[in-house]
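Participant: need a structure here:
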Amino acid sequence: MKVILDIQDSRAPFFMELIKSLGFVNILKEVNNKEKSIAIQNLAEAFNDVKLYEEGKKQLKSAKDLLDEL
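Facilitator: A predicted model of the protein is given here:
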């Protein structure tokens, strides 16, 4: 299973030491670049929006509505 976490900067060093001490966790990549971090966060929110849409809990704009806004 893959997990993306958003950790407060002040708590990150402690959390990373803790997670590295667990033998069953493999850290694939740490993202320290603020722009990449924001892009990943936006992507995660978009996936969550799609999930909510599929569950019928959220309405999304149609492609036509998005184009009309331009």
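Participant: next secondary structure element downstream of the helix or strand that contains Leu18?
Facilitator: Leu18 is part of helix 12-20, with elements assigned from DSSP states H and E. Next in sequence after helix 12-20, counting helices and strands by DSSP H and E, comes helix 34-54.
Participant: how far is the next helix or strand after that following helix from where the chain is centred?
Facilitator: With elements assigned by DSSP H and E, the helix or strand that comes after helix 34-54 is helix 63-69. Centroid displacement of helix 63-69 relative to its chain, using C-alpha atoms, centre = their mean, to the nearest Å, is 25 Å.
Participant: mind listing what's buried in helix 63-69?
Facilitator: Buried residues in helix 63-69, counting neighbours by 16 or more other C-beta atoms under 10 Å, are absent. Heads up, the C-betas are built off the backbone N, CA and C, glycines and all.
Participant: what mean pLDDT does it get?
Facilitator: For helix 63-69, mean pLDDT is 89.
Participant: where in this protein is pLDDT low?
Facilitator: Scanning the chain for pLDDT under 70 picks out no residues.
Participant: any idea which residue sits dead centre in it?
Facilitator: Ala44 (3.4 Å; C-alpha atoms, centre = their mean).
Participant: the closest residue to that residue other than its chain neighbours in helix, strand or coil?
Facilitator: Once flanking residues are discounted, Ala44 sits nearest to Ile4: 5.6 Å by C-beta to C-beta, 6 or more residues apart in numbering. Secondary structure state of Ile4, per DSSP: H, G, I helix; E, B strand; the rest coil, is coil.
Participant: identify the residues contacting stretch 33-43?
Facilitator: Stretch 33-43 is contacted by residues Ile4, Asp6, Val31 when judged by C-beta atoms under 8 Å, 6 or more residues apart in numbering.
Participant: follow-up on the earlier one: gap between the residue nearest to the centre of the chain and Val50?
Facilitator: 11 Å (C-beta to C-beta, to the nearest Å).
Participant: now swap in Met1 and tell me
Facilitator: Distance from Met1 to Val50, by C-beta to C-beta: 19 Å.
Participant: do Phe15 as well
Facilitator: Counting by C-beta to C-beta - Phe15 and Val50 are separated by 28 Å.
Participant: all set now, cheers.
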